[in-house]
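>>> quick one: sequence plus predicted model below, questions after.
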Protein chains: 4
Amino acid sequence: MRFFSDNAASVHPRVWDALRAADSADSAYDGDTLSARLDGAFSELFGSDCAALWVSTGTAANCLALAALCPPHGGIVCHREAHIEVDEGGAPGFYTHGAKLLLAAGEGAKLTPETVTAVIDPIRDDVHQVQPHAISITQATEYGRAYSPAEVAAIGALAKSRGLALHMDGARFANAAAFLGCAPGEITWQAGVSALSFGCVKNGGMNAEALVLFDPELAGLVRYRRKRAGHLHSKGRFQAAQLLAMVQGGLWLENARAANAAAQEIAGACADRLLYPVEANEVFVRLIDAEAASLRAQGFDFYDWPSPDADAPPGRGAARLVTAWNSDPADVGKLARAIAAL
Amino acid sequence: MRFFSDNAASVHPRVWDALRAADSADSAYDGDTLSARLDGAFSELFGSDCAALWVSTGTAANCLALAALCPPHGGIVCHREAHIEVDEGGAPGFYTHGAKLLLAAGEGAKLTPETVTAVIDPIRDDVHQVQPHAISITQATEYGRAYSPAEVAAIGALAKSRGLALHMDGARFANAAAFLGCAPGEITWQAGVSALSFGCVKNGGMNAEALVLFDPELAGLVRYRRKRAGHLHSKGRFQAAQLLAMVQGGLWLENARAANAAAQEIAGACADRLLYPVEANEVFVRLIDAEAASLRAQGFDFYDWPSPDADAPPGRGAARLVTAWNSDPADVGKLARAIAAL
Amino acid sequence: MRFFSDNAASVHPRVWDALRAADSADSAYDGDTLSARLDGAFSELFGSDCAALWVSTGTAANCLALAALCPPHGGIVCHREAHIEVDEGGAPGFYTHGAKLLLAAGEGAKLTPETVTAVIDPIRDDVHQVQPHAISITQATEYGRAYSPAEVAAIGALAKSRGLALHMDGARFANAAAFLGCAPGEITWQAGVSALSFGCVKNGGMNAEALVLFDPELAGLVRYRRKRAGHLHSKGRFQAAQLLAMVQGGLWLENARAANAAAQEIAGACADRLLYPVEANEVFVRLIDAEAASLRAQGFDFYDWPSPDADAPPGRGAARLVTAWNSDPADVGKLARAIAAL
Amino acid sequence: MRFFSDNAASVHPRVWDALRAADSADSAYDGDTLSARLDGAFSELFGSDCAALWVSTGTAANCLALAALCPPHGGIVCHREAHIEVDEGGAPGFYTHGAKLLLAAGEGAKLTPETVTAVIDPIRDDVHQVQPHAISITQATEYGRAYSPAEVAAIGALAKSRGLALHMDGARFANAAAFLGCAPGEITWQAGVSALSFGCVKNGGMNAEALVLFDPELAGLVRYRRKRAGHLHSKGRFQAAQLLAMVQGGLWLENARAANAAAQEIAGACADRLLYPVEANEVFVRLIDAEAASLRAQGFDFYDWPSPDADAPPGRGAARLVTAWNSDPADVGKLARAIAAL
């Protein structure tokens, strides 16, 4: 029973259907009829004109965005546990041609205006120090926390007042939106976000993410950069098909709600063990080594996680449990009961 | 009736089957069981130990290879009409961090030892000039020409004698191999090639190419670079599945033979119009504007191509006709007759 | 008797005086009182508000300018024999993060609107091809030719009409200005040049060049990039001192006139041997090998140069003779007579 | 009375003499007779074969070294207050093509094996995380601390055991060597350092630093990179002349001893105020605002410095007092007495 991650889950049947339906030859690259529909579909979804470009990984979406928002000599404020800092193999440095990630703190991997200013205020405004040009936040965060519309807007207001662009890594944007129950526009362009990496792979897709640009001028630039990064697939229609299947008919929210509900079921069984409030599809629970071993012996697979308490005694760690759109309700129930029984 | 390119053709049924069979969750990235089989499958195919990494585009395969073979301050000799020079949006400059393409001549986009030395011999061996570090050739070339084993070996020998690495862009490697009837190893590692971009997309795949590295040490490096370029898919099993479907059971050659045969049928109908010998699945034919218009009026779609004769009078150009693994024999026959009847 | 190049000549006494006068401690970097005067001094010289930044080499000046005018995914049109293409060790690729030099033809290393359009017109306006963003010309050219105000303006008008920036490599700008007898503004900002590398080292300086930016917005950007490239000297006052000594009191023109006059004296002695009209301080003369040997036997040092005639028979080459601000009149006279006597 | 920094001090008379003596034309770039002597002079100084290349700034020396020791996809461990992290405008990102600085702690800006392992041990050995390839330490540190031979050797041993290269930023190497009284080789190659930025500008030079490479193979690579970075001066003899003047006859140590002695005199007057032991030419002293104002009113110029106590009450900060090779003994005495009298 796999609770490793949502990033290897099966592809949703409606995505499969869309892929098959896209098989007939069409114009190559993004000149096909499906790719042509993306801007419209995402503009409708977000309630605002935007451009949506398919790419095949979240890392590519994030880094194309960052490179469009920050010059090579600039800096990007992000959380010190942000995916772009910790898990993208230095891709931001590659795509931005050497820009610097400026690391900020925040509970549950959430930035706040205070933690951002704590990083940027001490920077002298001279050529010897890398100046901030952008902020990047993750929605939901790497610890499954959701930024409320007001929280995003507060960061957006700070960004605007300092002349910084705002990027959102939305690898699990659907899970956050499902949890918040708000319109997608409320936590993006209305709150000051200029570029969003809209995740699809973790949510039932095969290998397509959308880079959504709320500043239409950026799109022209990014199209060149996408090609230059080797991310312009010949048969782009298969990329577009996945994204259209997701956003049309609300499949993206439907899948996210299923994953979130599974996470809530697990969280409900172990409220006293939770490291963070569960607001998306990730559950971080305190476990001593023997408990983790017990769960594994019962057939549950998951990643160990370091305890956030730096001075936790040996043997007292944590685990990350991730649900997916297709987590088997029976397995989820078993896991909830097993943790409750520890 | 589409003769634009092979790069937008449908996906082969056996590739579809392999994709569907890969749907069950497995380890993420390239930790899955299918990805684990790639090195073995390609080592068997080439008759030599090699590493094979999936990537999603030919541009990514080419540029990851070039970056592994040439330092940022170096140069790469290629034909002035090579895809990496003309059609990859500057991706070599991005991936190599600014290395330089050194442009050589050659009939039908084929390099020869003579045209390569004509470029590198005049380079002064000092720090003011960019020094060559690699050669890149395309097999089959951008004009559908195949390098014979002896021709590759001659370039490989030159490369070795000058301390240069040799890369092969094999977007249509299958078509060349099918035409030559030789073992894949004969035109690659046995002839001095260290890295091969093994095309699959143009030959019935969806969005997977293999970067085949005959120097196993390079593979370690390239795995980091692939991630850093945002090309490490979460569900890499779908990439591996496509490649395995291609090389197992000889589908890659079967598809290429079909495309080549279609090209031969067309070529046979207009031998006097051919710009280049037809050795793969591309046919370049001389057409005056009225003839091109006539073909289009009959329902044939294709790209116009500039005449290679710089002083060709206006109205006397050429056309590129590309066949694919699934070109409809009826359509091919009609086209052959239509050209013959011009 | 050295006629190798002007780039190793002695430093002018007034530059030495200025260096010594700058010895007292002052603010570091470019915060000193001399650096503060540069913008004013160059604005006066050019008759227009501009920013002038010191850098220590012409390569740095050229490449900081190119990086400011062209994005990493863009292209820069230059002559195929331009210094930035041939003699800067790939520095443009480094500074621009991989932008591409688009090589154009032209007699005597001079571009014309026709040779530029021959390069850019065939570029398809799509993401697969690197789009031009800038043009770079050299004044005086690598063959000692000067662009007249009208010639620069014609290229400037083309640049403007195509949305391209225009850079001028002025390693020997002084020699061109001295030859043309025009105001410096006429061949720069009035003709559409946005950034000029104003040479000083070849003209009596020690190790300072000025990067003159006629678009004041660029200066802010370039100041960051200069630091990032390791070109912000701690004791920048020594850089500024050299430039101020050059432009104040007209030393730059005085030195250039002396070098040009020496070149004219040599040219006058061998008009029938000249490869190009002599308009600056470089003289390219046809010599057979025996003649070159004879000159060397008489104590003259110079570089051999390939004949521009690709089919020149062996033994029939050329020589480059370069004069400097301090070429000894006696040596120059001897050389002129020695060539005349061949 | 200037105690801002040593980086704007006057040029030593013997350096001036060497510059004037280098005025006669010689071969350009580093082909001159003085540049040819550098390897020998530094090999003698360090008691081991090494290559020494002149560059014009410490930033260039540091970053050329880092780029030679770490690939673009790698990481370099340094102190979080290291000059390369804090004060070089992102130059390491530029020169290394996007490698990452991995920030470690340590009192007085000194790394220890423990603080280095605290950073690198948690890095997972997979492609998702940037792997360490090098360590960079500063001798003397940004807080004027010197690493003893044993301390460098301990870091060198760690580096070797982990396959990491070791770079030393020696902008104030002379001050550390003078304090330690050891042979230069003891704190460099004998302790595992492969590349040293040997400072000269802060120690009486004009604009030349030496990049000393103890691995001769690196020199070939770095020579290309220096040119590519626009740091190969035409009249390199003026660079070499400064360095030779410094290391021949022991001027480098003589100057450093003078600066160190001045710092000791100040430190001796306020031992209870010192933030760090004074081991080079920098004195960090606790001052309340009124005290700082009083010193300034007496004519002393210096930089305020943040208190290292994060919770220091407002008004209780610190000051950085830097002496130089030519600090006026009378001024130093006045400053010592003024601080003692606070």
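Thanks, I have the structure now.

>>> alpha carbons only for contacts and neighbour counts from here, please
Will do.

>>> buried residues, stretch A:272-287. List them.
The neighbour-count check on stretch A:272-287 (16 or more other Cα atoms under 10 Å in any protein chain shown) flags A:273-287 as buried.

>>> in chain A, which spans are strands?
Along chain A, counting by DSSP state E, strands occupy A:51-55, A:74-79, A:100-104, A:131-138, A:165-170, A:195-198, A:209-213, A:282-288, A:303-305, A:316-322.

>>> what about the residue of the stretch 1-150 of chain A at minimum distance from chain C, distance to D:Leu69?
The stretch 1-150 of chain A approaches chain C most closely through A:Val127 (5.0 Å), counting by Cα to the nearest Cα. Separation of A:Val127 from D:Leu69 (Cα to Cα, to the nearest Å): 25 Å.

>>> same question, A:Tyr29
Relative to D:Leu69, A:Tyr29 is positioned 39 Å away (Cα to Cα).

>>> count of residues packed around A:Ala157?
Using other Cα atoms under 10 Å in any protein chain shown, A:Ala157 has 18 neighbouring residues.

>>> I'd guessed A:Ala154 sits against A:Pro113; true?
Yes - between A:Ala154 and A:Pro113 a contact is recorded at 6.7 Å, counting by Cα atoms under 8 Å.

>>> tabulate the strands of chain A in TSV, adding columns for mean pLDDT.
TSV is the format used below for the strands of chain A (pLDDT from 0 to 100):
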stretch	mean pLDDT
strand A:51-55	98
strand A:74-79	98
strand A:100-104	98
strand A:131-138	98
strand A:165-170	98
strand A:195-198	98
strand A:209-213	98
strand A:282-288	96
strand A:303-305	93
strand A:316-322	93
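
>>> circling back to that earlier point, which ones among the buried residues of stretch A:272-287 also lie next to chain C?
Among the buried residues of stretch A:272-287, proximity to chain C is found for none (Cα under 8 Å from any Cα of the partner chain).

>>> okay, A:Tyr29 and D:Leu69: which has more neighbours?
Set side by side, A:Tyr29 and D:Leu69 show more neighbours around D:Leu69, with 22 against 18, by other Cα under 10 Å.

>>> ok now do that one, which residues does it touch?
D:Leu69 makes contact with D:His133, D:Ala134, D:Ala165 under the criterion Cα atoms under 8 Å, 6 or more residues apart in numbering or on different chains.

>>> that older thread, so the residue of the stretch 1-150 of chain A closest to chain C sits right up against C:Leu221, yeah?
No - using Cα under 8 Å, A:Val127 makes no contact with C:Leu221, being 9.7 Å away.

>>> more neighbours: those two, which one.
It is A:Val127, of A:Val127 and C:Leu221, that has more neighbours when counted by other Cα under 10 Å, with 22 against 16.

>>> which strand residues bridge A:Glu79?
For the record, residue A:79 is His, not Glu. A:Ala104 (DSSP bridges).

>>> can you list the residues of chain A near chain D?
For chain A, the residues in contact with chain D (Cα under 8 Å from any Cα) are A:72-74, A:86-90, A:93-94, A:97-100, A:127-130.
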